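Engineer: here are the coordinates; sequence isn't available:
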């Protein structure tokens, strides 16, 4: 895949993913009340506004502010930069894997931006489950990251089948 083709795919996937995430976070921050949950589809989906100062599903939220900065800002920034460099430098990636890596990158970048603009917190507002079996509260960027990871795992298993 050429540099221009990679750039086009990364740009389009990232733009759409970040736009959807940031618009949904704007909506949540303007129209939802902090901590108040609304239930839909027989309580399968709950919409509840929270600000997550930790990582995925609140992991690390109890760490010191300095530890959070070094892990959630500095380290995440380095990983995101390394990921985008890898996507452009790697000649072995096909369109499918570039899309999956772009979803991971854009989800991470959108949450990174959110953390930088929201005093270290990421806006989360979605929760799914049945009864007491529920996910943590997440956002659209988290969905992009998870979709990208699942797609990447599927792409890697397809490569192994072909060998």
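Structural biologist: It's in. What you see is a predicted model; the values in this text were computed from it and never measured. Numbers count the residues shown, from 1 in each chain.

Engineer: alpha carbons only for contacts and neighbour counts from here, please
Structural biologist: OK.

Engineer: stretch 109-125: end-to-end distance?
Structural biologist: Start and end residues of stretch 109-125 are separated by 18 Å (CA to CA, to the nearest Å).

Engineer: buried ones in the top helix by length along the chain?
Structural biologist: What stands out as the longest helix in the chain, according to DSSP state H, is helix 3-31. Across helix 3-31, burial judged by 16 or more other CA atoms under 10 Å covers 6, 9-10, 13-15, 17-22, 24-25, 28-29.

Engineer: next: stretch 29-49.
Structural biologist: Applying 16+ other CA under 10 Å to stretch 29-49 flags 29, 32, 37, 45-49 as buried.

Engineer: could you point out the helix or strand that follows the helix or strand of the chain with the lowest mean pLDDT?
Structural biologist: Least confident helix or strand, the chain: helix 65-68 with a mean of 76, by mean pLDDT, DSSP states H and E. With elements assigned by DSSP states H and E, the helix or strand that comes after helix 65-68 is helix 76-89.

Engineer: could I get the buried residues of stretch 29-49 as TSV with distance to residue 117?
Structural biologist: Formatted as TSV, the buried residues of stretch 29-49 follow (distance: CA to CA, whole Å):
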residue	distance to residue 117
29	13
32	19
37	24
45	27
46	25
47	22
48	20
49	17
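
Engineer: nearest to residue 151 among those?
Structural biologist: Nearest to residue 151 out of these is residue 45 (CA to CA; 23.7 Å).

Engineer: so that closest one touches residue 131, yeah?
Structural biologist: No: assessed by CA atoms under 8 Å, residue 45 is found out of contact with residue 131, at 10.7 Å.
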